[in-house]
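Enquirer: Predicted model and sequence follow; I will ask about them next.
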Amino acid sequence: MILIFVILYLLFTVAIGVFANRYVKNSSDFMLAGKQLPMFVTASALFATWFGAETILGSSTEFIQHGFLGVIEDPFGAALCLLLIGFFFARPLYRMNLVSFGDFYKEKFGAKTELIASILIVISYFGWIAAQLVALGILFHQVANVPEYMGVIIGAAIVMAYTITGGMWAIALTDTIQTLVIIVGLIIIAVILTEKTDGFTAVVSNTPKDFYRFVPFEGKEWIAYIATWITIGLGSIPQQDVFQRVMSSKSEKVAAQSSIWAGFFYLSIGLIPLYIGLCAYQLEPSALLNEEQGFLPYAIQKHTNTFVQALFFGAMISAILSTASGAILAPSTVMGENILRRFRKNMDDKTLLKMVRVSVLMITLISVFISFFESDIYELVAGSSEITLASLFVPMLGGLYFKNKSERAALCSIFFGLIVWLVLKFSGTDITRTLYALGASALGWFVGISTTPKNSNEK
């Protein structure tokens, strides 16, 4: 019964992609939905940006093991990112009338910065996409008892099919439907699991001491704490997927307000999987030791009826598909618009559209390959945001709000931050490397500014 429901839901999603193809007349329609998305659709798409495998599977497991301090990055850091975009970045970015974030770095700093930033943006998405594919592999393994690697391949084929067909229109339409499925499904599951346990009070109180502590005990822990907040909170601001949804809005006002609504929405709905995880752990505490990332679907299958299981897997499929599709289209847009386009002068719109679709295929295949070697969902997602935080956030901030700017400053900022991040990452330094890398990026910016001649023609 559950397998039939999953198959029908997936076929329905692909059908939406085929339907959305009728709205794709040019590259702008494919990459930005013709800049016609209304408030609710844009807010739904922004909410669905990160509400995927890491929120339902990764964060719930982290929460059970470490409490609130284990999930600062997601959902709290992710909600912070959406709020900051709505209050400070959506309006000025929308006014620039760009297609990709690579265009921003070209407009503000020049072609060299555009190419380097675009390459980093594309690289940053592979881990994120791979995380969603790993989750799909877990889902198919739980539902259909197929090997997880086969589930990854099946899930990748489905996501790629409707993304490559309908582009941003397909993502916007599916995100809207999937957001409703996620909310309704998670709320009903939470209510039913509360009834199966000893009630809400018992569930939230049956936890270790300081489980709900929101700030660290010791002063030395604050560095890691701040680094955790900013990894997604700041690192995902210069990312193409959020930018793409903002730029697809029908107006500047919609772009800003939908980001703010999505931030509050993400924070409130993001707490539900954490509570569901606590309920499942109370019903099946031993399963966490054996299943880890598959713990939640395993516990729900064992302790609930078919109706609840259908709701859960429907919500989980919705969350994963909505995140995966946007994560695939984002780097594909940058690849076509800012990298491949450089190698063919006077590329017409039809060829550009074809290049972006080819990029969807290439990026999906690379992400599938990565998922075979790294399967920790939470770490895959965190790593993707670290790259852009270390290298691209400071130049983005400088390009928007600093009076003095130059290409040299942008390049110094990118390389200072990236080098420090790489050194600390491969030396085994923990998450605080993002904070040190961000500081190095800021230093690089000021070094670049101070060494740029006053009469320079640099942008």
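Expert: Everything's here; your move.
Enquirer: Could you list which residues are in contact with residue 369?
Expert: For residue 369, the contact set (CB atoms under 8 Å, 6 or more residues apart in numbering) is empty. (Each C-beta comes from the backbone N, C-alpha and C, glycine too.)
Enquirer: three-state assignment of it?
Expert: State at residue 369, reduced to three classes by DSSP: H, G, I helix; E, B strand; the rest coil: helix.
Enquirer: Return the per-residue confidence for it.
Expert: Note on residue 369: pLDDT of 91.
Enquirer: How about residue 33?
Expert: Taking residue 33 on its own, its pLDDT is 87.
Enquirer: and it, how many neighbours does it have?
Expert: 29 (other CB atoms under 10 Å).
Enquirer: same question, residue 284
Expert: 18.
Enquirer: And it, how far from residue 302?
Expert: With distances taken as CB to CB, to the nearest Å, residue 284 is found 6 Å from residue 302.
Enquirer: One more: residue 79?
Expert: Distance from residue 79 to residue 302, by CB to CB: 31 Å.
Enquirer: Pick out whichever of the two has more residues nearby.
Expert: The neighbour comparison of residue 79 against residue 302 (other CB under 10 Å) goes to residue 79, with 23 against 12.
Enquirer: Tell me how many other residues surround residue 372.
Expert: Using other CB under 10 Å: residue 372 sits among 15 other residues.
Enquirer: Find the nearest non-adjacent residue to it, please.
Expert: residue 149 (6.3 Å; CB to CB, 6 or more residues apart in numbering).
Enquirer: Residue 110 reaches residue 406, doesn't it?
Expert: No. Using CB atoms under 8 Å as the test, residue 110 is too far from residue 406 to be in contact (9.1 Å).
Enquirer: Compare these two and say which one has the larger neighbour count.
Expert: residue 406 (23 against 17).
Enquirer: And stretch 24-44, end to end?
Expert: 20 Å (CA to CA, to the nearest Å).
Enquirer: Give the helix, strand or coil label for residue 207.
Expert: From three-state DSSP, the assignment for residue 207 is coil.
Enquirer: OK, contacts around it?
Expert: Per CB under 8 Å, 6+ apart, neighbours of residue 207: 67, 278.
Enquirer: State the distance from it to residue 271.
Expert: Applying CB to CB to residue 207 and residue 271 gives a distance of 15 Å.
Enquirer: And residue 92, by the same measure?
Expert: On the measure of CB to CB, residue 92 and residue 271 end up 31 Å apart.
Enquirer: Over to residue 21?
Expert: 37 Å.
Enquirer: Please apply the same query to residue 415.
Expert: From residue 415 to residue 271 the distance is 39 Å (CB to CB).
Enquirer: Pretty sure residue 59 sits against residue 273.
Expert: Yes. With contact defined as CB under 8 Å, residue 59 reaches residue 273; the gap is 6.4 Å.
Enquirer: Helix, strand or coil: sort out residue 404 for me.
Expert: On the basis of three-state DSSP, residue 404 is classed as coil.
Enquirer: show me the contacts for it.
Expert: Applying CB under 8 Å, 6+ apart, we find residue 404 in contact with residue 449.
Enquirer: What helix or strand is the residue nearest to residue 367 when sequence neighbours are not counted located in?
Expert: Distances taken as CB to CB, 6+ apart put residue 129 closest to residue 367, at 3.8 Å, once the chain neighbours are dropped. Following DSSP states H and E, one finds residue 129 within helix 111-144.
Enquirer: Okay, angle between the following helix or strand past that helix and helix 111-144 too, please.
Expert: Where DSSP H and E defines the elements, the next helix or strand beyond helix 111-144 is helix 148-196. With axes from the mean of the first three to the mean of the last three CA atoms, to 10 degrees as the basis, helix 148-196 and helix 111-144 are set at 70 degrees to each other.
Enquirer: dump the residue contacts of residue 299.
Expert: Residue 299 neighbours (CB under 8 Å, 6+ apart): 280, 281, 283, 284, 287.
Enquirer: same question, residue 413
Expert: Residue 413 neighbours (CB under 8 Å, 6+ apart): 391, 394, 395, 398, 441, 442, 444, 445, 448.
Enquirer: Now these in CSV, please, with extra columns for neighbour count and secondary structure.
Expert: What follows is the contacts of residue 413, written out as CSV (neighbours: other CB atoms under 10 Å; DSSP: H, G, I helix; E, B strand; the rest coil):
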residue, neighbour count, secondary structure
391, 31, helix
394, 29, helix
395, 31, helix
398, 23, helix
441, 27, helix
442, 17, helix
444, 26, helix
445, 27, helix
448, 25, helix
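Enquirer: closest to residue 215 among those residues?
Expert: residue 442 (24.7 Å; CB to CB).
Enquirer: Grab the nearest non-local neighbour of the closest one.
Expert: residue 394 (5.3 Å).
Enquirer: isn't the one you found right next to residue 440, touching?
Expert: No. Contact between residue 394 and residue 440 fails when scored by CB under 8 Å: they sit 9.4 Å apart.
Enquirer: What about the residue nearest to residue 372, how many residues nearby?
Expert: Residue 149 has 16 nearby residues by other CB under 10 Å.
Enquirer: measure residue 144 to residue 2 for me?
Expert: Using CB to CB, residue 144 is found at 9 Å from residue 2.
Enquirer: Which parts of the stretch 301-450 of the chain are strands?
Expert: Using DSSP state E, counting those that start in this stretch, the stretch 301-450 of the chain contains no strands.
Enquirer: Output stretch 274-291 as PDB, restricted to C-alpha atoms.
Expert: Presented in PDB, the C-alpha positions along stretch 274-291 are these (Å, rounded to 0.1, in the frame of the first residue of the first chain):
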ATOM      1  CA  LEU A 274      12.300  17.500  16.100                       C
ATOM      2  CA  TYR A 275       9.200  16.800  18.200                       C
ATOM      3  CA  ILE A 276       8.300  13.800  16.000                       C
ATOM      4  CA  GLY A 277      11.800  12.500  16.500                       C
ATOM      5  CA  LEU A 278      11.300  12.600  20.300                       C
ATOM      6  CA  CYS A 279       8.000  10.800  20.000                       C
ATOM      7  CA  ALA A 280       9.600   8.100  17.800                       C
ATOM      8  CA  TYR A 281      12.600   7.700  20.100                       C
ATOM      9  CA  GLN A 282      10.200   7.200  23.100                       C
ATOM     10  CA  LEU A 283       8.500   4.400  21.100                       C
ATOM     11  CA  GLU A 284      11.600   2.800  19.800                       C
ATOM     12  CA  PRO A 285      14.800   4.000  21.600                       C
ATOM     13  CA  SER A 286      17.000   1.100  20.600                       C
ATOM     14  CA  ALA A 287      16.400   1.700  16.800                       C
ATOM     15  CA  LEU A 288      18.600   4.800  16.900                       C
ATOM     16  CA  LEU A 289      21.700   2.700  17.600                       C
ATOM     17  CA  ASN A 290      21.200   0.600  14.500                       C
ATOM     18  CA  GLU A 291      19.400   2.800  12.000                       C
END
